[in-house]
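A.B. asks: Mind folding the following:
(one chain, ligands or ions: 2)
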Amino acid sequence: MPSSDVLLMRRPDDWHVHLRDGDMLRSVVGHTARQFARAIVMPNLSPPVTSVALAVAYRMRILAALDPDAGFEPLMTCYLTDGADPDEIERGFAAGVFTACKLYPAHATTNSEHGVTDIRNIHRVLERMQRIGMPLLLHGEVTDHGVDIFDREAVFIERVLLKVLADFPALKIVFEHVTTAEAVAFVEQTGPNVAATITPHHLRINRNAMFEGGIRPHFYCLPVAKREVHRLALRRAATSGSAKFFLGTDSAPHAVGKKEAACGCAGIFNAPFAMESYATTFDEEGALDRLEGFASEHGPNFYGLPLNTGRITLERASNVVPERVGTGSEAVTPFHAGEIMRWRFAEGA
Ligand code: DOR
Ligand code: ZN
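C.D. replies: Ligands and ions are numbered 1, 2, ... in the order given. Okay, here's the model as predicted:
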């Protein structure tokens, strides 16, 4: 095989994933652990992961769902509520249980009803996080129904993020799953304490994908995909080589029946073919040489964690994506379902 058809790189990490719980956790976690060494695990369970004890128990359930030799490290996050306690958060961070805190504006997305109703309610928490160097992970959308759903990320920058940075200029912030040119520009213009993750799907689809020939629930996620001009801005940012942008899949499985419904859930399950999807995008942009930085280096450098020592191989080879992954009530439609991908993840070494 010519060398341009094989990509050998440092093992990547996923800096934003939903692993769920119970049977769904057991069904999906292996897909993430196969490709990634570590992952930042979202805490939006029901009930949410709001304490050190809940995070320890959840981490144990994740590890118990994997082969003992999977070599996967879940990095746990604390779900912020209006009543979040700075002491509990610092205790979890100091003990190595919490890697970061996650801010869901209340009612922004799946299981966010216990989220923060007003940023002022967590000022003491943010103050403490800034002091101890603990990253804040943002679902960056306002929830005001007077704001058009396609504008909620851009308006969040104006109404919330600028204030947070004015009050806490040294706080480490990850603007997660950015979807707009505005968010890209904002991250580029701020200091090195602000970074962003970009999903595989926002690099590949724009909002038209949800309506092509009929309603397409498997392309619905939050933040919702935007216009083409925004997708192009995300592709430029991801492939730019900037250390401020790194991999976060936001893989968010929902059973098929919960997606194909009158009120379908938000979320795209991309874990099974995540690296193939990113590689396809970087290949199209002529930036395969920058995939390793985006997938395996910028994230750990931002978090202050060691780089992985393992390696993975991606090969240029046909790879058919099935219509369903998992069985029974855990069957989920993966991103790229029914497509033939031109890259294949070969087992890591
Ligand atoms: O599409 C999404 N799905 N966005 C989120 O923010 C949450 C996630 C989920 O948990 O299903
Ligand atoms: Zn998410």
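
A.B. asks: quick one: the closest residue to residue 36 other than its chain neighbours from residue 166, how far?
C.D. replies: By the measure of Cβ to Cβ, 6 or more residues apart in numbering, the closest residue to residue 36 outside its immediate chain neighbours is residue 14, 4.4 Å from it. (C-beta placed from N, C-alpha, C; glycine too.) Residue 14 sits 31 Å away from residue 166, going by Cβ to Cβ, to the nearest Å.

A.B. asks: returning to that earlier point: quick one, what contacts the residue nearest to residue 36?
C.D. replies: Residue 14 sits next to 32, 35, 36, 38, 39, 40, 247, 248, 249, 251, 271, 274 when contact means Cβ atoms under 8 Å, 6 or more residues apart in numbering.

A.B. asks: Around ligand 1, pick out the residues from the stretch 51-200 of the chain.
C.D. replies: For the stretch 51-200 of the chain, the contact set with ligand 1 under Cβ under 6 Å from any ligand atom comprises 109, 110, 139.

A.B. asks: go again using 5 Å as the cut-off
C.D. replies: Residues of the stretch 51-200 of the chain lying close to ligand 1 (Cβ under 5 Å from any ligand atom) are 109, 110.

A.B. asks: Which strand residues bridge the residue nearest to residue 36?
C.D. replies: residue 39 (DSSP bridges).

A.B. asks: Let me know the closest of the contacts of residue 14 to ligand 1.
C.D. replies: Comparing those against ligand 1 with Cβ to the nearest ligand atom places residue 251 closest, at 9.1 Å.

A.B. asks: Excluding covalently adjacent residues, which one is nearest to that closest one?
C.D. replies: Nearest residue to residue 251, sequence neighbours excluded (Cβ to Cβ, 6+ apart): residue 271, at 4.0 Å.

A.B. asks: residue contacts, the one you found?
C.D. replies: For residue 271, the contacting residues are 14, 17, 28, 31, 32, 35, 249, 251, 253, 334, taking Cβ under 8 Å, 6+ apart as the criterion.

A.B. asks: Not including adjacent chain positions, what is the nearest residue to the fourth one?
C.D. replies: Which is residue 31. Taking Cβ to Cβ, 6+ apart, and ignoring the residues beside it in sequence, residue 31 has residue 271 as its nearest neighbour in space, at 4.0 Å.
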